[in-house]
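Undergrad: Model the structure of this input:
(chains A and B)
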Amino acid sequence: GENVEQHPSTLSVQEGDSAVIKCTYSDSASNYFPWYKQELGKRPQLIIDIRSNVGEKKDQRIAVTLNKTAKHFSLHITETQPEDSAVYFCAASFSGAGSYQLTFGKGTKLSVIP
Amino acid sequence: EAEVAQSPRYKITEKSQAVAFWCDPISGHATLYWYRQILGQGPELLVQFQDESVVDDSQLPKDRFSAERLKGVDSTLKIQPAELGDSAMYLCASSPGTGYGYTFGSGTRLTVV
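TA: Have a look, this model is predicted:
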């Protein structure tokens, strides 16, 4: 099955700086890569996703890049703000006929210091 | 915005007791998932339903866990008997289909004492 590794497990940045979280996946057939943000005590919420036919996707201060050859993808947050503090999870899946399920990384706790 | 409903939000139970969680997915979402999230870790799949059928329950501890989605809409996850190691957040999620992200419910935080 799929295995997703996520680094770092914790990340502290100064407000206004950029944050980068990296993930690797094992199954070359995986073609859908979402990122979730989970605030303390709340549900994971989808913040951005990318499919394997795209190398980069941006949404305001958030961007995701994908390197299919190396089987890794990254989340980039620019101009970080205190409200970005949360746990971020990457995930990977194969989306095709049959079973479709996400395999999650172990999470990165991001702390933005005012 | 449509939501996945879960209840209860919190549950404290003694070990060896039975406990049940309920989930109502977003209307029209045929795929429903139950995940377990241990504090400080990522969600791990327990069971996946497509309509009323189980698609994957390979990670479900079937000696004590059971899940059903009888009419292909809402779902129940049961643990009997509960063990101390079952303490975790139990998340339900639904998806409209392949290639789409999940929408998670607020979860049930289970504490077994």
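Undergrad: What segments of chain B are strands?
TA: B:5-7, B:10-13, B:19-24, B:31-37, B:44-50, B:53-56, B:65-68, B:75-79, B:88-95, B:103-104, B:108-112 (DSSP state E).
Undergrad: cool, chain A as well?
TA: Here chain A has its strands, by DSSP E, at A:4-7, A:10-14, A:19-25, A:32-38, A:45-51, A:56-59, A:62-67, A:72-77, A:86-92, A:103-104, A:108-113.
Undergrad: Return the residues of chain A in contact with chain B.
TA: Residues of chain A lying close to chain B by CB under 8 Å from any CB of the partner chain are A:4, A:6, A:31-32, A:34, A:36, A:42-46, A:49, A:51, A:89, A:95-97, A:99-107. Bear in mind the C-beta positions are built from the backbone N, C-alpha and C, glycine included.
Undergrad: Determine which residue lies closest to the centroid of chain B.
TA: In chain B, the residue lying closest to the centroid (CA atoms, centre = their mean) is B:W34, at 3.1 Å.
Undergrad: which residues of chain A score low on pLDDT?
TA: A:95-99 (pLDDT under 70).
Undergrad: ok, B:D63 - how many residues close by?
TA: For B:D63, the count of nearby residues is 8 (other CB atoms under 10 Å in any protein chain shown).
Undergrad: re earlier: which one, of the strands of chain A, ends up nearest to B:R64?
TA: With CB to CB, the closest approach to B:R64 among those belongs to strand A:103-104: 23.1 Å.
Undergrad: what helices or strands is the closest one leaning on?
TA: With contacts taken as 3 or more CB pairs under 8 Å, 6 or more residues apart in numbering or on different chains; DSSP states H and E, strand A:103-104 sits against strand A:86-92.
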